[in-house]
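Peer 1: Structural data only, the sequence is not supplied:
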């Protein structure tokens, strides 16, 4: 839980009262590798902080998966449209590694925001980080395949060795075979 409070305080300092109330409101959850935190069609009721592990936000289109984002330790996660509208999610959130999570349900978070208006700065920082991640993904999606791959390696060097080729291909919007060709070409050109 310490990392969560360090992350929040790095955005905006928490008052001792808010920190105490937040500690009471947070719930600890574990998600095993391959298990869902949120399934498509469920309502996203909580904001999640990853203490340890790796999650992905994705949707299925026919037999294919399209990955929107990867979230590693010390990241905040939610399905935005579902969370803010309290509507069924068009996306799923799944563990790519075993995860240790801290969660807070929307009504409890809203109560804390009304009691501690300064906490809105923390929420703005959290939403900003989530939005930046979405924009980074959209920004690379329309690049040629090799540029897309190189951009992702630069943006997220931690992916190497942690995320399977199939998952990386899903994020890039290419087939695993295409990803293999891109890597061979990168190796040949030394880029």
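Peer 2: Arrived safely. Predicted model only: the values in this text are computed from it and were never measured. Numbering: from 1, shown residues only.
Peer 1: Give me the pLDDT for residue 191.
Peer 2: On pLDDT, residue 191 comes in at 60.
Peer 1: OK, contacts around residue 95?
Peer 2: For residue 95, the contacting residues are 31-37, 53-55, by Cβ atoms under 8 Å, 6 or more residues apart in numbering. For the C-beta atoms, the positions are set from N, CA and C on the backbone; glycine is no exception.
Peer 1: Could you do residue 41 as well?
Peer 2: Residue 41 touches 88-89, counting by Cβ under 8 Å, 6+ apart.
Peer 1: So it: helix, strand or coil?
Peer 2: Three-state call for residue 41 (DSSP: H, G, I helix; E, B strand; the rest coil): coil.
Peer 1: State the distance from it to residue 91.
Peer 2: For residue 41, the distance to residue 91 (Cβ to Cβ, to the nearest Å) stands at 10 Å.
Peer 1: Also residue 33?
Peer 2: Distance of residue 33 to residue 91, computed by Cβ to Cβ: 19 Å.
Peer 1: now the strands for the chain?
Peer 2: Listed in chain order, the strands of the chain (DSSP state E) span 27-31, 36-38, 46-52, 54-61, 64-72, 76-77, 92-95, 99-105.
Peer 1: Among those, pick out the one with the most neighbours on average.
Peer 2: Sort those by mean neighbour count, taking mean count of other Cβ atoms under 10 Å, and strand 76-77 sits at the top with a mean of 24.
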